[in-house]
Structure formats: C-alpha cells, structure tokens
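Participant: Prediction below, plus the sequence it came from.
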Amino acid sequence: MDLTRQRALGMTAALITVAIWAAFLLGTRFAVQGSFTVEEILILRLIPGALVMSPFMWRLGVLPRGQSLPRALMLMFGASALFPYMVSTGLSYAPASDGGALAPGMLPFWTALAVYVLAGEIPGKRRKVGLAMILAGAMIVSLWQILAGGEDGAWRGHLMFLFGSGFWAVYSVIFRQSGLSPLHSLVIGLFWGSLLLVPLLFVTDNVSFSTASPSDIIVMIIFQSFIIGILAMFLFGYAVKVVGAAEAAAFGALTPILTLLGGALFLAEAITPFKVLGVALVAVGVFLASGVLAKLDKTRTN
C-alpha cells in the first residue's frame, strides 16, 4: 500500500474515532435519560466485550506485570471502569454538549498536568497557549451555566466530567510508561472490570433492566461494548501508528464541536452564545495542545 493511501486511511480512522467519541456522549445521555441506569450501561459495556476478547486474555495475560500497585490498579480499572462510570454518571445530570467540552475536551489539560507530575515534562509555549484556551473554554461552559442558573444539578455532571477526564489522563500517562500494547491494555481492563466491578454493580439495586426492551439491550451492547469499547480503541491505535500521535490527537478537537451540534439536533439541547464560545475555545485549544503544529514546523525545518 502506498504511503498516500495509508495516510488517508489513518486520517479516516481518526475521524471515525472522534465521531464515535461524540456518539458515546450523545448515546449515553439519551440512554440514562430513558431506559437504562448508569450501572446497567457499564455492565453491558464490560461483559460482552470481555467475552469477545477472552481469547486474547488467555494469550496475552491479564496482569500488568512490573508495575507498582497504584499503577497496576489504574491499568486494571482506569479505562474500563472509572472513566466510563464517571462520564456516564455525569451525563445523567448534565447535557452531552457540556460533556464534550469538559470530558474529552479537558483531556489535553489534565494529561499535560499528569505528565508534568509523573514525568517532569514541561509543555512548550504553543501548547501552553492551547492548554490555557482549554481551561478558559471549560470555565465558560461550566461556570457560566452555574451562575446563570442552568439545569438543576448540572454542576454535579460537570464535576464528574472533570474527574473522569482527570482519571483518563493519569491512566494514559501510566499506560504510555507501562510498555503495554493497546490490545493488552484493553483486555486487562475488560477482565478486571468484569471480574471485580460487575458484581459490585449488581448489589447497588440499580440493575434490573426492567425498563429496557430486549432490542434496546442488544443495541446498547453493540454500541457500548463493540463500537465504543473495542472498535474506537482499535481505530485510534491505527491512526496513531499511521499518522502519528500529534496528528491523531488534533482530530480530538472535533469532538466538542460534534457533540454540541449532535446535542442540539438529536437531544434538543440548548445552544447559547456562551456555550458556543466555550466549546470553540476548547476545540482550538485541543488542536494547539496536540503539538501537531510544532511537528509540522520541525518537518519544514528538516
């Protein structure tokens, strides 16, 4: 395969990935407002995926070897349980468009902070500008709605989005330092999430599936487990391999925009000028913070 075609496929994979991320926020918001609890969604995300990926668990193993206990626990539960649980809980309180700005939108900010704390890496000037724009946009999206008296309890969702995004950032740094492949990390998370977290979810009294039809459950399994839990991770890994981490991350700037538009079109969420401004700042900040421009400058210099 020639390099041009391969690069086009990588960019396509990145675009599909960010579309899936936006669909996760929109679909989960719709589900928790309707037929499913957060606990039910997480069970449908973990168990089917674990069953499908069980052959890889046997081949690769499910222990994050060579890691300290805190790092091992984050690899076991960070991506499979903590992040989806917090974001899904947040979506039961706040609009998906808020989630787009405060969950995936804030990832570069929290990741830069986590990298600084865990690895001592300081971002360059352009990335610092991008991170400042992300923080400013997130504050506009969240604080303005609180001051203006937005949806009741939306502030709870905003906190969950921020905590979930922070957990994912720490997980991503630990994962990068662990030397694990994306596939190995995926199966570790699915195994331990299904083995230890699912029994706890069942004892919360929030799992009955009484308001969901069999067809709703099947659709949710396909959506949460196979499309979001497995396909999106594979596509993003492919995109990173083909076009590079910076370019793939730059596509993440589309997620807040797609979620804002999707929330208005499919969930009848209100679009205010302040929310548009906040989402725009976050999107531009994500692009700058990705480092793609610095890489392009380096390519031109060479």
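Facilitator: Done, it's in.
Participant: Now Gln33. Nearest residue, chain neighbours left out?
Facilitator: Ser92 (7.5 Å; CB to CB, 6 or more residues apart in numbering). Any C-beta I mention is one placed from the backbone N, CA and C, and that applies to glycine too.
Participant: Just give me the neighbour total for the one you found.
Facilitator: 19 (other CB atoms under 10 Å).
Participant: For Ala31, see how far away it is.
Facilitator: Look at Ser92 and Ala31: by CB to CB, to the nearest Å, they are 9 Å apart.
Participant: same question for the helix ranked longest in the chain, mean pLDDT?
Facilitator: Longest helix of the chain, by residue count under DSSP state H: helix 3-32. Averaging pLDDT along helix 3-32 gives 89.
Participant: do the same with stretch 37-46
Facilitator: Computed over stretch 37-46, the mean pLDDT rounds to 94.
Participant: follow-up on the earlier one: which secondary structure elements does the longest helix of the chain contact?
Facilitator: Secondary-structure packing of helix 3-32 (3 or more CB pairs under 8 Å, 6 or more residues apart in numbering; DSSP states H and E): helix 38-52, helix 83-91, helix 96-102, helix 232-243, helix 245-250, helix 254-266.
Participant: For the ones you listed, give me JSON lines that also has mean neighbour count and distance to Gln6.
Facilitator: JSON lines is the format used below for these (neighbours: other CB atoms under 10 Å; distance: least, CB to CB, whole Å):
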{"stretch": "helix 38-52", "mean neighbour count": "22", "distance to Gln6": "27"}
{"stretch": "helix 83-91", "mean neighbour count": "25", "distance to Gln6": "30"}
{"stretch": "helix 96-102", "mean neighbour count": "30", "distance to Gln6": "30"}
{"stretch": "helix 232-243", "mean neighbour count": "19", "distance to Gln6": "6"}
{"stretch": "helix 245-250", "mean neighbour count": "20", "distance to Gln6": "13"}
{"stretch": "helix 254-266", "mean neighbour count": "22", "distance to Gln6": "21"}
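Participant: about what we covered before: what about the residue nearest to Gln33, distance to Glu39?
Facilitator: In terms of CB to CB, Ser92 sits 11 Å off from Glu39.
Participant: so what's in contact with the two at the same time?
Facilitator: Residues touching both Ser92 and Glu39 by CB atoms under 8 Å, 6 or more residues apart in numbering: none at all.
Participant: All set, thanks.
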